[in-house]
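Enquirer: Take this sequence and fold it.
(chains A and B)
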Amino acid sequence: MRFQDVSLRKISDSEWEIPQGAGMLVPGRIFASEAMMGDIVRDEALRQVINVAHLPGIRSFSIGMPDIHWGYGFPIGGVAAMEPDGGVVSPGGVGYDINCGVRLLRSGLRVESLRARLPELVAALFREVPSGVGSTGDVRVTGKELDKVLTEGSRWAASRGYATADDVEHTEDRGRFPAADPEAVSATARKRGEDQLGTLGSGNHFLEIDEVAEIYWPEAAEAYGLFPGQAVFFIHSGSRGLGYQVCDDSLDRMAEYMRTHRIVVPDRQLACAHILAPEGERYLAALAAAANYAFVNRQLLAHRVKEAVERALRMGPRDAGIRLVYDCGHNNAKFETHEVEGKLRRLLVHRKGATRAFPPGHPDLPAAYRAVGQPVFIPGDMGTGSYVLAGAEGAMRLSFGSTCHGAGRRMSRTQAMHSAKGRSVLADMERRGVLVACASKRTLAEEIPEAYKDVSAVVDVVVRAGIARKVARLKPVAVVKG
Amino acid sequence: MTRPRYRLLPHTADLCVEVRGDDLPSLLAASAEALFSLLTDRRRVRPEERKVLPVPPAPPDEQLYLLLRQALLLVSSGRFLVRRAGATMESGAVTVTLAGEAADPSRHEVYREIKAVTRHALSVKRDGGGWTARFIVDV
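Expert: Residues are numbered from 1 along each chain as shown, chains lettered A, B, ... in the order given. Down below sits the predicted model:
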């Protein structure tokens, strides 16, 4: 079967293969339904899956998740695992917003009991959680203190009273990439990061109050502390300007490295360096520092949410019962052990718009989740809802322990703006039962629900493929956007 | 202010911009203005302060990239917004002068955060009627 100029072989209702063509070192593997392919082929994403398959050291497959769309070099929703010896690391395989991710906070509260005070609560969250372009956090870190943030990640937050030991335990990699080196982060990147710690940002970043609308797997829901009708808080943000600058800085160095080492790739956005070369190691050290910054950023946001909720509802921490379920990134590159051709190998796994999804029994999971698998959060559009999944066995066989990260856009921002013209998005959302507070009406128009693919269809594909399992569905009741 | 010399082209996740100019310096100046039009209503920005961005001799697409990266840093690190841009060229080097002011939340709505200007599909072409540039910003 051919979609535009890309030939595809259907493997099952949820998997496709792009056969290994000229120059490709591995085939492509796409997780999608036939119906979704109509949207996927409208942009350059499949071509990008093919381009990634040309990168030195890639193993098994160049992978696309069902929320795949056109990105910088790599598609968003792309996964690629590289052999350290002779393989490359590519900043385009991580993205500008290094360790952008989501965290879910559960509470002891029921949404029904909050309804009357919801406007007051949303106003408090909008006031107290810095969001929007140019917003600054109230924790300003410079010099050696910033070094500690970049080196220690969530441990720094715990040492300053912004995180508990439980928070650290329930963060991917326990909130710290150990390879971080602050010296690898430029002065410009540091400057951009100094006053942005604890800020949400804008665009598709958000803070949501959701209701647990449906439970699909009671044992996992219980392990994650979720119950029907429960109020939960969902945070989506990343490494802010510091991470963007780390990526930008590295691209020039990698372009130069490719020239001197005669690495030829089909697209210059796939700038890369050998993993074991000083240029590769330096990028990985800066990436780790930015990832640690992102963990701290989301931890500080969570701290502010907790404080704002307790204050607005005049409750003590015990009554509100807000605890971290898990924090997972979806723009990363890190070393993990995976089985390839029957042998365990240490590989550098790039995930760009893809989430780690380790299955039950994986030693890297917190003890409380080891029996059911890693929590994975898949935000949908702001009107429809989101999913809590658990990593499943198939992920280790088929996708280097990875699954999707969201619904994925189907409309350009311009199309979304046109579509929203002449109507009040705020009023539309209120009619759907979702209260919205936002810094920019333009951002809101760009993020209208119809701009995104159907998150349920995306989730159904990864569940059918056996790379994740459904735990719960969340229904938004309030959204704060930058 | 003259009519916009740029338009947005379809792109699923980011913003793809096409800019026209009579010659390379005016194309670069128009590209800088287009970048800031993605960020704010430039008519509300007062041209009170000038920033001069030097662009060394290089292929035109590289010059565009170097200019836009510097221009973006003005806003992301210094919160500087631009009303208008002008450019001159000498021995292949371009000097772009940006007139604007620091963002004032009481007067300026900043529409979005631009993470970076990318090399993705970035091009500068000369045709019969002048010059055309295309670039994508990551948002």
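Enquirer: Disregarding flanking residues, what is the spatial nearest neighbour of A:E44?
Expert: Distances taken as Cβ to Cβ, 6 or more residues apart in numbering or on different chains place A:W70 nearest to A:E44, at 4.7 Å, with adjacent residues excluded. Backbone N, C-alpha and C define where each C-beta goes, glycine included.
Enquirer: pretty sure that neighbour is in contact with A:V41, am I right?
Expert: No - with contacts defined as Cβ atoms under 8 Å, A:W70 does not count as touching A:V41, sitting 10.9 Å away.
Enquirer: ok, these two, which is more surrounded?
Expert: A count of neighbours by other Cβ atoms under 10 Å in any protein chain shown puts A:W70 above the other of A:W70 and A:V41, at 25 against 17.
Enquirer: State the phi and psi torsions of that one.
Expert: phi -60, psi 120 (degrees, to the nearest 10).
Enquirer: Spatially nearest residue to B:R20, not counting backbone neighbours?
Expert: In space, B:R20 is closest to B:R5, 5.1 Å off (Cβ to Cβ, 6+ apart).
Enquirer: still on that earlier bit, residue contacts, the residue nearest to A:E44?
Expert: Each residue near A:W70 by Cβ atoms under 8 Å, 6 or more residues apart in numbering or on different chains is listed here: A:D43, A:E44, A:A45, A:Q48, A:I76, B:H11, B:T12, B:A13.
Enquirer: what about the last one, how many residues close to it?
Expert: Meaning B:A13. Neighbours of B:A13 (other Cβ under 10 Å): 22.
Enquirer: same check, this time on the second one
Expert: A count of nearby residues for A:E44, using other Cβ under 10 Å, gives 19.
Enquirer: In TSV, list the contacts of A:W70 along with secondary structure.
Expert: What follows is these, written out as TSV (DSSP: H, G, I helix; E, B strand; the rest coil):
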residue	secondary structure
A:D43	coil
A:E44	coil
A:A45	helix
A:Q48	helix
A:I76	strand
B:H11	coil
B:T12	coil
B:A13	coil
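Enquirer: Scan those residues and report the most crowded one.
Expert: That'd be A:Q48 among those, by other Cβ under 10 Å, with 29 neighbours.
Enquirer: I'd like the distance between the residue with the largest distance to the centre of chain B and B:R42.
Expert: Distance from the C-alpha centroid of chain B, by Cα atoms, centre = their mean, peaks at B:S106 (23.8 Å). According to Cβ to Cβ, to the nearest Å, B:S106 stands 17 Å off from B:R42.
Enquirer: How about A:D67?
Expert: The spacing between A:D67 and B:R42, counted by Cβ to Cβ, is 35 Å.
Enquirer: between these two, which one's more packed in?
Expert: For A:D67 versus B:R42, the count of surrounding residues by other Cβ under 10 Å is larger for A:D67: 32 against 20.
Enquirer: Contact partners for the residue nearest to B:R20?
Expert: B:R5 makes contact with B:V19, B:R20, B:G21, B:A30, B:E33, B:A34 under the criterion Cβ under 8 Å, 6+ apart.
Enquirer: Give me the distance between it and chain A.
Expert: Distance, B:R5 to chain A, by Cβ to the nearest Cβ, to the nearest Å: 17 Å.
Enquirer: B:L38 now?
Expert: 10 Å.
Enquirer: ok, that residue touching B:C16?
Expert: No - contact criterion Cβ under 8 Å: B:L38 and B:C16 do not qualify, at 10.8 Å.
Enquirer: Low-confidence regions, the chain specifically.
Expert: Went with chain A since none was named. A:1-4 (pLDDT under 70).
Enquirer: could you do chain B instead?
Expert: In chain B, residues with pLDDT under 70: B:1-4.
Enquirer: need the residues of it near chain A, please.
Expert: Contact residues (Cβ under 8 Å from any Cβ of the partner chain) of chain B with chain A: B:8, B:10-15, B:39, B:69, B:73, B:76-77, B:79, B:103, B:105, B:109-113, B:115-116, B:118-120, B:136, B:138-139.
Enquirer: Let me have the top strand by length along chain A in PDB, keeping just the CA atoms, if that works.
Expert: In chain A, ranked by residue count with DSSP state E as the criterion, the top strand is strand A:468-481. Provided in PDB are the C-alpha atoms of strand A:468-481 (Å, rounded to 0.1, in the frame of the first residue of the first chain):
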ATOM      1  CA  ALA A 468       0.100   0.300  27.200                       C
ATOM      2  CA  ARG A 469      -3.000  -0.600  29.100                       C
ATOM      3  CA  LYS A 470      -5.900   1.700  30.000                       C
ATOM      4  CA  VAL A 471      -6.300   2.600  33.700                       C
ATOM      5  CA  ALA A 472      -8.600   5.600  33.800                       C
ATOM      6  CA  ARG A 473     -10.200   8.400  31.800                       C
ATOM      7  CA  LEU A 474     -10.100  11.900  33.100                       C
ATOM      8  CA  LYS A 475     -12.700  14.600  32.300                       C
ATOM      9  CA  PRO A 476     -11.600  18.200  32.400                       C
ATOM     10  CA  VAL A 477     -13.600  20.600  34.700                       C
ATOM     11  CA  ALA A 478     -11.200  23.600  34.700                       C
ATOM     12  CA  VAL A 479      -8.200  24.600  32.600                       C
ATOM     13  CA  VAL A 480      -5.600  27.300  33.200                       C
ATOM     14  CA  LYS A 481      -3.600  28.200  30.100                       C
END
